[in-house]
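> This is the structure alone, sequence omitted:
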């Protein structure tokens, strides 16, 4: 009997998207400050956002907030009385895109969290049920074992055949006992994957 | 015994992100064609992209491709000899952002697919194992039942006590039989959730 020995959550080599996102934001901010205000680089700030879609909601908000600050900071640092109206709109569009994307990603995250919660609850109920059924089976088995033990200890006048049969019952029930133990072992291992 | 009766995949009221994404692209293309070429609206094309992150990889590619066409189409439709260099770079940045985001979303999708595949394989092995164990238990139970049946049919000279005990064994084993049937029923239901 082989129990799957791969721990699901750790067995996959995950790309470290969070570190990648931080690096991207850093590189972007450097590029942003080296290019004239007229270059609509704002769209690129959405790249690190999509890198953190599997992170916590708070991480998404933090990345969105940092990107907003960087977008605004460059604008207020470089703007002057000659700044063209289109630059105002460009930066505004970048921020609108950034926050709409953030809220869409949060909505996706909420939906995925709900699904995950349902799956976890489902798995929990499976384990609970298996434990309940197993408990009942083991109760019956212990009853059979007690009965056969009593039977075998009774001073029966001959009937070797009966004794042989009773021995057989006893052996079979012991086998059954081992099998239910195996079931329990399996379920305990199972619990670790929940 | 209550079996969870919510089918996980359908129980969650899902936001129809795909329809929303198509509508967004339509609205965006109208806005894009109504604004001058200098407005860096390209970033907004990333909004529908993030709406389809839970869709198939092919859907992601299709949305990215349509957005690229729309970005390029507006550019070639409105550009002339006076088009400023910054407009070229704006549209190029939009497309870079779009395709980088697409490939990040595809990478996330691949990672999620791997996790889902592992979970499915894991669930499959659980079910297979439970069926195997259950099969063994039921084999033992049928053996006990056969033995007790033979014992009860034997013409024993008196010993009412033995007969009573044997009846008891028989009843308990029948109970055990019902419990393992319950286990099988549960596992069959379980299979429907895989």
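It's in. Computed from a predicted structure; not experimentally measured.

> What's the first helix or strand after the helix or strand of chain A with the lowest mean pLDDT?
Lowest mean confidence among the helices and strands of chain A (mean pLDDT, DSSP states H and E): helix A:8-11, at a mean of 46. Towards the C-terminus, the helix or strand next in line after helix A:8-11, according to DSSP states H and E, is helix A:17-34.

> For that next one, the averaged confidence score.
When the per-residue pLDDT values of helix A:17-34 are averaged, the result is 89.

> can you check stretch A:131-150 too?
75.

> so how many other residues sit close to residue A:117?
Residue neighbour count, defined by other CB atoms under 10 Å in any protein chain shown, stands at 11 for residue A:117. For the C-beta atoms, the positions are set from N, CA and C on the backbone; glycine is no exception.

> quick one: pLDDT of it?
On pLDDT, residue A:117 comes in at 88.

> State the helix or strand in which it lies.
With DSSP H and E as the criterion, residue A:117 is inside helix A:85-153.

> Would that helix count as contacting chain B?
Yes. Helix A:85-153 comes into contact with chain B when judged by CB under 8 Å from any CB of the partner chain, the residues involved being A:86, A:89-90, A:93-94, A:96-97, A:100-101, A:104-105, A:107-108, A:111-112, A:114-115, A:118-119, A:121-122, A:125-126, A:129-130, A:132-133, A:136-137, A:140-141, A:143-144, A:147-148, A:150-151.

> And residue A:99, how far from chain B?
When CB to the nearest CB, to the nearest Å is applied, the distance between residue A:99 and chain B equals 10 Å.

> Surely that residue is in contact with residue A:64?
Yes. Between residue A:99 and residue A:64 a contact is recorded at 6.4 Å, counting by CB atoms under 8 Å.

> So for those two, which residue has more residues nearby?
When residue A:99 is set against residue A:64 and neighbours are counted by other CB under 10 Å, the residue ahead is residue A:64, at 23 against 15.

> buried stuff in the helix or strand hosting residue A:74?
Using DSSP H and E, residue A:74 maps to helix A:57-78. Taking 16 or more other CB atoms under 10 Å in any protein chain shown as the basis for neighbour counts, the residues of helix A:57-78 that come out buried are A:60, A:63-64, A:66-68, A:70-71, A:74-75.

> Could you do stretch A:33-48 as well?
Within stretch A:33-48, the residues that qualify as buried by neighbour count (16+ other CB under 10 Å) are A:35, A:37-48.

> Next: stretch A:120-128.
Within stretch A:120-128, the residues that count as buried by 16+ other CB under 10 Å are A:123, A:126.

> Now tell me what touches stretch A:47-60 from outside.
A:17-18, A:20-22, A:24-25, A:28, A:63-64, A:67, A:98, A:101-102, A:105-106, A:108-110, B:50, B:53, B:97, B:100-101, B:104-105, B:108, B:111-112 (CB atoms under 8 Å, 6 or more residues apart in numbering or on different chains).

> let's go with 7 Å and repeat that
The contact list for stretch A:47-60, computed with CB atoms under 7 Å, 6 or more residues apart in numbering or on different chains, reads A:17-18, A:20-21, A:24-25, A:63-64, A:67, A:98, A:101-102, A:105-106, A:109, B:50, B:53, B:97, B:100-101, B:104-105, B:108.

> And the buried residues of stretch A:33-48, which two are furthest apart?
Farthest pair in the buried residues of stretch A:33-48 (CB to CB) is A:38 and A:48. Separation: 22.6 Å.

> pLDDT weak spots in chain A?
Low-confidence segments of chain A, defined by pLDDT under 70, are located at A:1-15, A:38, A:154-159, A:161, A:163, A:184, A:186-194.
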